[in-house]
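In: 3D model of this:
(3 chains)
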Amino acid sequence: MDRAITPMLEVRRLHKVYEDASRTVEAIRDISFSVGQGEMVCIVGPSGAGKTTLLKCIAGLLAPSSGGVILEGQPVAGPPPAMAVVFQEYGRSLFPWMTVRDNVALPLKQKKMTAARREELVRNALAAVDLAGVNGAYPWQLSGGMQQRVAIARAVAYEPHVLLMDEPFAAVDAQTRADLEDLIRVLWHRLRVTVLFVTHDIDESVYLGQRVLVMSHAPAVVMEDVAIDLPDDRTQLETRSMARFGELRKHIYSKIQLAKQGWRPPSE
Amino acid sequence: MSHAGPTPFVRRLAVVLALPVALVATWWFASAGSQSFYFPPLQTILQTFLKLWFSPQAVEKVAPSLARFSIGYLAAALLGIAIGVPVGASRNLRNVLEPVLEFLRAIPPPVLVPMLILFTGVGDEMKTLVIVFGCIWPVLLNTVAGVRALDDVLAEVVRSYRIGAFARWWHFVLPGASPQIFAGLRQSLSIGIILMVVSEMFAASNGIGFALVQYQRTFAIPEMWAGIILLGVIGIVLSLIFRAIEARILGWYYGLRRSQRAN
Amino acid sequence: MPAEAAKKTAKLSARTQAWLQGLAGLAGFALVLEIVPRVGLVSPLYLPPFSAIVAALFEETTSAMFWAALGATMRAWAIGFVISVVAGVVIGIVIGSSPMLRTLTRSTIEFLRPIPSVALIPLAVLLFGSQIQSTLILVVYASFWQVLIQVLYGVQDVDPVARETARSYGLGPWAQIRYVTWPTTLPYLMTGVRLAAAVSLILAVTSEVVIGSQGLGKEISDTQSGGAVAIMYAYVIVTGIIGVILNLAARALERRVLAWHPSIRLDTVEAGG
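Out: The predicted structure follows:
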């Protein structure tokens, strides 16, 4: 895959502190990395590491305490139109009073386009996630996996340059998760979109990503940027039983164990 | 293969009508030869009912009441929602205003009638305003509660997709708060009916409440009963209309709760 | 130093902050009520300044008539409320426990329920004039339905598995009610009690205002026609305070009773607000 000279997404010395009446929590101490155009990068770390905080800062939903995020050369000050987010709580991220079709179409109404174009995007997006037949259904009539597909379709229809996913498959069963992981790989290939995928599941991060950023415990920093040198054509059965898969997995797992014990990389 | 006996529809109809018909029949026959002054035969009451309320003058009596009620109720609903949304969205506004609003809501609405007479006399304005002032509180407070309880994940979805101000209000805030809002509207409906009648009984020159008081004072007993039945019918009809509208707008909500309960 | 001062106010818990803001709101409201008549925006004949109302209120509390009126209202409220709750619970459990009774009575209940209690005023006046029975007719007719509907919801919500288990253990109908039906119904009953308390107050005062039964409502009506405006508002405030106290008491009772229960009830929306 060609890598553009300027990275698609740059995170520079991101620092985030939460303050309330009783205490101060430093969620993110110093995180810097960049993502090239069309890359699939996974972020993995122990629970409570601040992964969601990081994702929300990148998405423009949360303002960092210092440092910043650059998207396509522009600093991110609020949710940018070139980004779409898929949240973990699929049940709560879809509007229960709208049909599937209306859910997917709603963000498009903000972008200037004809109704015909909008319908085309919706149709294609739903077909891309294998949900062509449920246009008129309501989200609560669908299974969990299907609801998450609708959320993904909504993000895809938005035609984003960067797709952010916040532990999207954490709350579905294992079989559905496997299907959805493969769906993401397929969509990523087809749409050539840049994907930033946050997960706590190490196997998933190795299976999906070209790179895996391992995060430490809060206050978070990037422990290591692991290059995943598995072949591009991945299947659940074959790829996961490869020796290299096991090595990468073990490597990341041990790094996470270190993180849990409080080990941190020496500061620059 | 068809069953012997009544069809399911007929059976359902029979079940629905069984007790009401039995009660009405009991009333009819128990009061048939009645000499009691206060409890005339049901037959007389029904005859009077038809004579009274199916005549042209009936419209004159009933229309003003319903008009005042409708205007007052709708105004209260719109104002309640319009004020409730910004208050519900702002934590500070909520904290400051909630005690005052809860106090105003706790004042029994009929008390407003003598109060408003001071300001606006006994005319139409009083009767309409009293309905507005009585009905606004449940709508307002329930709107506040509904807006406050909006799902924060959904709120983040709205933000992340940069959904604009109007669309946010129309597609997210209002529908999200609508179950709570309708609960408030339901309470306001009963309060509105009470105020409509009370304001007319207390001081009026037209309307159903006024007519009822007149019948009672002049001991026109069958007419009084006919008026009571009419008020009952009005209450039932308004309730049915409300439920029909609610079912249309909140259909998704019933489905959602059903599916949640199934899991 | 401003930074330290900011930290100090930030130290106030959110709850205390909310309390203070609420008090500020009430104070602001009183202030508006004080200023508006004095400035002449509204004639002080229709709306006396807040201080005058408060003064009238304090003076009324020294008069026996005030306490008699308050007592009469509370008496009518209490009797009507208790009758409604007891009748609602008993009839609700009886009807709810039998599917046949439920289907038979459903249409009647849906038919009678929306009939406004105030429609009975002329009949009540004819039969009982301005005695307490008139008030009780209105109060009970309105509040009974609130309790009944909630109890019916509750009985319907009983887990069929639990009921089957109870039956298979040989529990008789009384024991079933005690151990299975009642705990499930209790949260709904609490909602019904809260609604009935408010509705009972509304109808009690309605009866006093319209029919002239003894009580706070009658005082309000009399003082209005007699021109003692400040005293009228004083009574209005008293009714509001009673309403608030009843609401708080009902909610406190609800919380205490439900502290023993997992949240098995649907939210307040479905239960009628």
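In: C-alpha only now, for contacts and for neighbours.
Out: Noted.
In: hmm, who's touching the one helix or strand C:Ala55 maps to?
Out: Counting by DSSP states H and E, the element that carries C:Ala55 is helix C:50-60. With Cα atoms under 8 Å, 6 or more residues apart in numbering or on different chains as the test, helix C:50-60 has contacts from C:Ala30, C:Leu31, C:Leu33, C:Glu34, C:Phe66, C:Ala230, C:Ile231, C:Tyr233, C:Ala234, C:Tyr235.
In: I'd like the residues you listed as JSON lines, with neighbour count, pLDDT and secondary structure appended.
Out: Output for the contacts of helix C:50-60, formatted as JSON lines (neighbours: other Cα atoms under 10 Å in any protein chain shown; pLDDT from 0 to 100; DSSP: H, G, I helix; E, B strand; the rest coil):
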{"residue": "C:Ala30", "neighbour count": "15", "pLDDT": "94", "secondary structure": "helix"}
{"residue": "C:Leu31", "neighbour count": "14", "pLDDT": "93", "secondary structure": "helix"}
{"residue": "C:Leu33", "neighbour count": "17", "pLDDT": "91", "secondary structure": "helix"}
{"residue": "C:Glu34", "neighbour count": "18", "pLDDT": "92", "secondary structure": "helix"}
{"residue": "C:Phe66", "neighbour count": "18", "pLDDT": "94", "secondary structure": "helix"}
{"residue": "C:Ala230", "neighbour count": "25", "pLDDT": "92", "secondary structure": "helix"}
{"residue": "C:Ile231", "neighbour count": "24", "pLDDT": "93", "secondary structure": "helix"}
{"residue": "C:Tyr233", "neighbour count": "25", "pLDDT": "94", "secondary structure": "helix"}
{"residue": "C:Ala234", "neighbour count": "22", "pLDDT": "94", "secondary structure": "helix"}
{"residue": "C:Tyr235", "neighbour count": "27", "pLDDT": "95", "secondary structure": "helix"}
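In: Closest to C:Glu164 out of the residues you listed?
Out: C:Tyr235 (54.1 Å; Cα to Cα).
In: give me the number of residues near residue 247?
Out: No chain specified, so I'll use chain A. Per other Cα atoms under 10 Å in any protein chain shown, the neighbour tally for A:Glu247 reads 11.
In: ah, I was thinking of chain C
Out: 18.
In: And it, what's its pLDDT?
Out: Note on C:Asn247: pLDDT of 93.
In: Figure out the helix or strand that it lives in.
Out: Since the elements are taken from DSSP H and E, C:Asn247 ends up inside helix C:229-258.
In: one step back: could you check the helix holding C:Ala55 and say which residues are buried?
Out: C:Phe50, C:Ala52, C:Ile53, C:Val54, C:Ala56, C:Leu57, C:Glu60 (16 or more other Cα atoms under 10 Å in any protein chain shown).
In: what does stretch B:121-136 give?
Out: B:122, B:124-136.
In: Just the closest of these to chain C, please.
Out: B:Gly134 (11.3 Å; Cα to the nearest Cα).
In: what residues are up against that closest one?
Out: By Cα under 8 Å, 6+ apart, the neighbours of B:Gly134 are B:Pro109, B:Leu112, B:Ser188, B:Ile191, B:Gly192, B:Leu195.
In: give the contact list for the first one.
Out: This points to B:Pro109. B:Gly134, B:Ile191, B:Leu195, C:Ile202.
In: isn't the second one right next to B:Trp137, touching?
Out: Just to be clear, that refers to B:Ile191. No - applying Cα atoms under 8 Å as the test, B:Ile191 and B:Trp137 come out as separate, 10.2 Å apart.
In: need the contacts of B:Gly134 in a markdown table with distance to C:Arg167 and pLDDT, can you?
Out: Listed next are the contacts of B:Gly134 as a markdown table, based on distance: Cα to Cα, whole Å; pLDDT from 0 to 100:
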| residue | distance to C:Arg167 | pLDDT |
| --- | --- | --- |
| B:Pro109 | 48 | 93 |
| B:Leu112 | 53 | 92 |
| B:Ser188 | 43 | 95 |
| B:Ile191 | 44 | 93 |
| B:Gly192 | 46 | 95 |
| B:Leu195 | 49 | 94 |
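In: For these, give me TSV that also has secondary structure.
Out: Putting these into TSV (DSSP: H, G, I helix; E, B strand; the rest coil) gives the following:
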residue	secondary structure
B:Pro109	helix
B:Leu112	helix
B:Ser188	helix
B:Ile191	helix
B:Gly192	helix
B:Leu195	helix
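In: Show me the two of those residues that sit farthest apart.
Out: Farthest pair in the contacts of B:Gly134, by Cα to Cα: B:Leu112 and B:Ser188, 14.6 Å.
In: Check B:Val153 and give its pLDDT.
Out: pLDDT at B:Val153 comes out at 93.
In: Near it, how many other residues are there?
Out: 17.
In: Can you name every helix or strand that the longest helix belonging to chain B contacts?
Out: Of all the segments of type helix in chain B, defined by DSSP state H, the longest one is helix B:221-262. Judged by 3 or more Cα pairs under 8 Å, 6 or more residues apart in numbering or on different chains; DSSP states H and E, the packing partners of helix B:221-262 are helix B:42-53, helix B:174-202, helix B:208-217, helix C:121-128.
In: and if we set it to 6 Å?
Out: helix B:42-53 (3 or more Cα pairs under 6 Å, 6 or more residues apart in numbering or on different chains; DSSP states H and E).
In: Format the CA atom coordinates belonging to the helix it packs on as CSV.
Out: Taking Å, rounded to 0.1, in the frame of the first residue of the first chain, the C-alpha atoms of helix B:42-53 are listed here in CSV:
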residue,chain,number,x,y,z
LEU,B,42,-82.1,5.4,33.5
GLN,B,43,-84.6,5.5,30.6
THR,B,44,-85.6,9.1,31.5
ILE,B,45,-81.9,10.1,31.8
LEU,B,46,-81.1,8.7,28.4
GLN,B,47,-84.1,10.4,26.8
THR,B,48,-83.1,13.7,28.4
PHE,B,49,-79.5,13.1,27.2
LEU,B,50,-80.6,12.7,23.6
LYS,B,51,-82.9,15.7,23.8
LEU,B,52,-80.3,17.9,25.4
TRP,B,53,-77.1,17.1,23.7
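In: Return the distance of that helix from the chain's centre.
Out: Distance of helix B:42-53 from its chain centroid, counting by Cα atoms, centre = their mean, to the nearest Å, is 26 Å.
In: same question, stretch C:239-255
Out: Counting by Cα atoms, centre = their mean, stretch C:239-255 comes out at 7 Å from the chain centroid.
In: Helices of chain A, start to end?
Out: With DSSP H as the criterion, chain A has helices spanning A:51-58, A:90-93, A:100-105, A:115-128, A:144-157, A:174-191, A:202-208, A:236-240, A:243-260.
In: if we can go back for a sec, what mean pLDDT does the longest helix of chain B have?
Out: 90.
In: what's the angle from that helix to helix B:42-53?
Out: 90 degrees (axes from the mean of the first three to the mean of the last three Cα atoms, to 10 degrees).
In: can you give me the offset of helix B:221-262 from its chain's centre?
Out: 8 Å.
In: Hey, what's the angle from it to helix B:174-202? Just curious.
Out: Using the same axes, to 10 degrees, helix B:221-262 lies at 160 degrees relative to helix B:174-202.
In: Report the secondary structure state of the residue positioned nearest the centre of chain C.
Out: Chain C has C:Ala198 as the residue nearest its centroid, 1.6 Å off, counting by Cα atoms, centre = their mean. At C:Ala198 the chain is in helix, as set by three-state DSSP.
In: Need the max-distance pair from the contacts of helix C:50-60.
Out: With Cα to Cα as the measure, no two of the contacts of helix C:50-60 lie farther apart than C:Leu31 and C:Phe66, at 26.1 Å.
In: With adjacent residues omitted, what lies nearest to C:Thr239?
Out: B:Ile107 (5.8 Å; Cα to Cα, 6 or more residues apart in numbering or on different chains).
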